[in-house]
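Asks: Sequence and predicted structure below; questions after.
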Amino acid sequence: MRVGVMASGRGSNFQALIDAAESGETPDVELVHLIVNKKGAYAIQRAKKHGIEHTLITSDDKTRREFDQDVLGLLKKQNIEVIVLAGFMRILTPEFIDAYRNRILNIHPSLLPSFPGAHAHRDAIKYGVKVSGCTAHLVDEGIDSGPIIMQTPVTVSEEETEESLANKILEYEHQMLPKALQLLCSGKIIVNGRHIEIKSD
Ligand code: GRF
């Protein structure tokens, strides 16, 4: 499947996808294009290094709708079949979601439905949970609310800081995202309302 990745910053999850593709772990994934919405995003360097085309579409000077239409235009032109949001910090319009229904994958650093939104680690620590983790899910119109593909728990220690928790969870994100993407691209994911069934081999 032709995959487009959307990122806003560091792009370590994008790197995990690149590494998995290069090592043959994701045979049904072709990383075709990176789209970033922030000028200095380090994800761009990763794309350059690995010969993946990239495009910067800034969101600052556009309405949500205009931005999404620009991105959709590019994705269609590139025949992108599946999209991964890898640290893409922007909400997409319902029109965008609808154009790629059940073909947009997101990674989120908490055990959803707990702590959706941009401050998952901070919110988890503030709440006092003993376990957090990460979730790979399909994207619907809500914020981090789509059907769940996979989750991995991590223990939250007494001394945990936002940074230490983020680092701890990130390791599992990097393992989980390529696996979830491979499942999606190999047609093993069956969506039944909120429930996802994963076909066995
Ligand atoms: C990750 O923790 C991801 O779950 C969240 O934003 C962070 C992005 O990190 N949505 P990176 O850009 O992939 O390094």
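Replies: Now that the structure is in, tell me what you want to look at.

Asks: Quick one: mean pLDDT for stretch 92-101?
Replies: Stretch 92-101 shows a mean pLDDT of 96.

Asks: again with stretch 155-173
Replies: Mean predicted lDDT for stretch 155-173 stands at 97.

Asks: how about the residues of the chain that lie near the ligand?
Replies: 7, 9-13, 86-87, 107-109, 170, 173 (Cβ under 6 Å from any ligand atom). The C-beta positions use only the backbone N, C-alpha and C, and glycine is treated the same way.

Asks: among the residues you listed, who's most crowded?
Replies: Tallying neighbours with other Cβ atoms under 10 Å puts Ala7 at the head of the residues of the chain next to the ligand, with 28 neighbours.

Asks: longest helix anywhere in this structure?
Replies: Scanning the chain for the longest helix, with DSSP state H as the assignment, gives helix 162-185.

Asks: can I get the CA coordinates of that helix in CSV?
Replies: Taking C-alpha atoms only, helix 162-185 is exported to CSV below (Å, rounded to 0.1, in the frame of the first residue of the first chain):
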residue,chain,number,x,y,z
GLU,A,162,6.5,14.1,32.2
GLU,A,163,9.8,13.6,30.4
SER,A,164,10.6,10.2,31.9
LEU,A,165,7.1,8.9,31.1
ALA,A,166,7.3,10.3,27.6
ASN,A,167,10.6,8.5,27.0
LYS,A,168,9.4,5.3,28.5
ILE,A,169,6.2,5.2,26.4
LEU,A,170,8.0,6.3,23.2
GLU,A,171,9.9,3.1,23.1
TYR,A,172,6.7,1.1,22.9
GLU,A,173,5.2,3.5,20.3
HIS,A,174,8.1,2.8,18.0
GLN,A,175,7.5,-1.0,18.3
MET,A,176,3.7,-0.7,18.0
LEU,A,177,3.3,1.8,15.1
PRO,A,178,5.0,-0.3,12.4
LYS,A,179,3.1,-3.4,13.5
ALA,A,180,-0.3,-1.6,13.4
LEU,A,181,0.6,-0.2,10.0
GLN,A,182,1.5,-3.6,8.6
LEU,A,183,-1.8,-5.0,9.8
LEU,A,184,-3.7,-2.2,8.2
CYS,A,185,-1.8,-2.4,4.9
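
Asks: circling back: among the residues of the chain next to the ligand, which one lies nearest to Ile190?
Replies: Closest approach to Ile190 among the residues of the chain next to the ligand (Cβ to Cβ): Ile107, at 20.4 Å.

Asks: got the angle for the strand or helix carrying the closest one vs helix 162-185?
Replies: Using DSSP states H and E, Ile107 sits in strand 104-108. Between strand 104-108 and helix 162-185, the angle comes out at 160 degrees (axes from the mean of the first three to the mean of the last three Cα atoms, to 10 degrees).
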